[in-house]
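# show me the folded form of this:
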Amino acid sequence: AVVSTQRYRGQRPRSGRTRRTFLAGLIVTCSKDTTFRVWDFRTSIHSVNVYQGHTAPVTCAVFTNHNDSIVSGSDDCTVKVWDIRNMRAPISTIQCDASVNKVSISEDSHHTIAIPFDNRHVRLYDLQGTYSMNMV
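Modelled structure (predicted):
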């Protein structure tokens with residue numbers, strides 16, 4: 001299948017800066033309008049689902065390694081974990097002290113969320129939002 005590389009107004013594909021934004025015909029993009037979108041290119045009729053829940057621009061979003069969740073970060077100082085099968089409300093919300101510009105998910109079975117901050121600290125959480133450790 002050929003995926004068009006058109007620029008969609010207000011959406012920023014994050015594949016260059018964040019891992020796992022593309023998943024077997026699905027692409028997740030971030031937006032300044034406080035939403036993120038999941039684009040479905042698996043069929044000839046492409047669809048897009050818009051997800052709301054942040055109160056400021058969404059700066060990053062990635063699929064988890066088991067492809068059942070999406071983790072999004074925002075300028076509203078939160079990271080939210082979403083079940084890809086039921087995205088009406090986040091599974092968990094992590095409140096941060098500053099805007100979140102990037103998130104990364106570990107490739108092991110623990111699904112550790114790493115959130116780097118400008119002060120050179122990285123905070124680690126699990127998918128339920130439980131704080132694990134602060135790395136300096």
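# which strand residues bridge Phe63?
Beta-bridge pairing for Phe63 (DSSP bridges): Ile70.
# that one: neighbour count?
The burial count assigned to Phe63 is 22, neighbours taken as other Cβ atoms under 10 Å. Where you see a C-beta, it was placed from the backbone N, CA and C, and this is true even at glycine.
# same question for Thr34.
The burial count for Thr34: 15, using other Cβ under 10 Å.
# which residues are in contact with the helix or strand hosting Trp82?
Using DSSP states H and E, Trp82 sits in strand 78-83. Residues from elsewhere that reach strand 78-83, judged by Cβ atoms under 8 Å, 6 or more residues apart in numbering: 51, 53-54, 68-74, 90-96, 100, 103, 113, 115, 125, 127-129.
# out of the residues you listed, list just those in strands.
Residues of the contacts of strand 78-83 located in strands (DSSP state E): 51, 69-74, 92-95, 113, 115, 125.
# of these, buried ones?
51, 69-74, 92, 94, 113, 115, 125 (16 or more other Cβ atoms under 10 Å).
# would you format the residues you listed as TSV with distance to Phe63 and pLDDT included?
Converted to TSV, those look like this (distance: Cβ to Cβ, whole Å; pLDDT from 0 to 100):
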residue	distance to Phe63	pLDDT
Tyr51	13	90
Ser69	7	89
Ile70	6	93
Val71	8	95
Ser72	11	96
Gly73	14	97
Ser74	17	97
Ser92	16	94
Ile94	17	96
Ile113	13	93
Ile115	17	94
Tyr125	17	93
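# reformat the ones in strands among the contacts of strand 78-83 as a markdown table; add distance to Ala61.
What follows is the ones in strands among the contacts of strand 78-83, written out as a markdown table (distance: Cβ to Cβ, whole Å):
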| residue | distance to Ala61 |
| --- | --- |
| Tyr51 | 9 |
| Ser69 | 11 |
| Ile70 | 6 |
| Val71 | 7 |
| Ser72 | 4 |
| Gly73 | 7 |
| Ser74 | 9 |
| Ser92 | 15 |
| Thr93 | 14 |
| Ile94 | 14 |
| Gln95 | 18 |
| Ile113 | 12 |
| Ile115 | 13 |
| Tyr125 | 16 |
